[in-house]
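1. Fold the following.
(one chain, ligands or ions: 1)
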Amino acid sequence: MTRELVVGAAQLGPIARDEPRSEVIERLLTLLRRGARYGCELVVFPELALTTFFPRWYLDEGGPGGRDAIGGDTNELDAYYEEEMPSVATQVLFDEAKRLAVGFCLGYAELTPPDADGRRHRYNTSMLVDRTGEIVGTYRKVHIPGHEDHEPWRKFQHLERRYFEESPDGFRTFEAFGGTFGMAICNDRRWPETYRVLGLQGAEMVLIGYNTPLDYAPDPSQNPLQSFHNHLVMQAGAYQNGTWVVGVAKGGIEEGVESLAQTAIIAPSGQIVAQ
Ligand code: ING
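-> As a prediction, the model looks like this:
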């Protein structure tokens, strides 16, 4: 029996460092409403879609290092994370999704409450919300790219390995919208295991948000291949696991950094059916 689902890939342009969450969320609501007008049942937003891509800066933490307790003055850093979800700022997104009966997938930075040891954990997270506005699943990024310490030689930093821990959960699937869904985030899409582990769990559609700078400092010879690599990995992952893949960019020139804007929906055949 054929099942249909109308999916919108909601590509975002740049988010400024000082852009208030309320302004960003207005932009997300506009895209959600536009998707609803087009008959979408699910709208997919990019990675870290509530703020600028803050790992491009070494944010002066002052105190002792250490990824899960960066310590010192983390005020600016902490301001980029969500400490609860829905949060006060994002509640309106959940309410509108419910009113429109349109689900959404959203990437954000997660700062957990203190665990048994009193430590708070920082993850690059994505959540899937169904058409009733309920969170059906959350995923934390497994493959954390970039570097851990300040590397001033770079035109811009890529400090994801300083600001995020790797997922303790791995890749899982979630039943929603009448099908089986998986989520992955940005660098995850470059590794075959991402699609395979989800495929072995029956994933029929994998939702992937990304922020991909065009300049890859460790090996600039790859820069002209960014678009090729972006499609190569998602088309291969889709075809080799017989799954749909929705890859959604936050692109354009964000705080001076040019990022790939090549959002696409890929069929299990490996073909790009929408871009
Ligand atoms: N960004 C980039 C990505 O994997 C990167 C990092 C760029 C790695 C280019 C290798 C080459 O698309 C994130 N956020 O993972």
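2. So which residues of the stretch 101-250 of the chain form strands?
-> 103-111, 122-129, 135-140, 173-176, 179-185, 205-210, 244-249 (DSSP state E, counting those that start in this stretch).
3. Deepest-packed of the ones you listed, please.
-> strand 205-210 (a mean of 27; mean count of other C-beta atoms under 10 Å). The C-beta positions use only the backbone N, C-alpha and C, and glycine is treated the same way.
4. residues making contact with that strand?
-> 5, 7, 44-49, 105, 107, 126, 128, 179-186, 188-189, 194-195, 198, 230, 234, 237-238, 243-250, 260 (C-beta atoms under 8 Å, 6 or more residues apart in numbering).
5. can you check stretch 260-274 too?
-> Outside stretch 260-274, the residues touching it (C-beta under 8 Å, 6+ apart) are 7, 9, 11, 13, 210, 212-214, 226-227, 230-231, 234-236, 238-239, 242-249, 251-252, 275.
6. Make a PyMOL selection of the buried ones in those residues.
-> Filtering those down to the buried ones (16 or more other C-beta atoms under 10 Å) takes a single PyMOL command:
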select buried, resi 7+9+11+210+212+213+214+226+230+231+234+235+238+239+243+244+245+246+247+248+249+251
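7. just the contacts of stretch 260-274 that are near the ligand?
-> 210, 212 (C-beta under 6 Å from any ligand atom).
8. So which of the contacts of stretch 260-274 sit within helices?
-> 226-227, 230-231, 234-236, 238-239 (DSSP state H).
9. Just give me the closest of those to the ligand.
-> residue 226 (6.5 Å; C-beta to the nearest ligand atom).
10. So the residue nearest in space to the middle of the chain versus the ligand, what's the distance?
-> Nearest residue to the geometric centre of the chain (C-alpha atoms, centre = their mean): residue 47, 2.1 Å. According to C-beta to the nearest ligand atom, to the nearest Å, residue 47 and the ligand sit 6 Å apart.
11. What pLDDT is listed against that residue?
-> As predicted, residue 47 sits at a pLDDT of 99.
12. likewise residue 2?
-> 88.
13. Return the distance of it relative to residue 180.
-> 16 Å (C-beta to C-beta, to the nearest Å).
14. again with residue 99
-> 26 Å.
15. And for residue 247?
-> 18 Å.
16. again with residue 118
-> 37 Å.
17. again with residue 261
-> 29 Å.
18. Residue 213 now?
-> Taking C-beta to C-beta, one finds residue 213 at 32 Å from residue 180.
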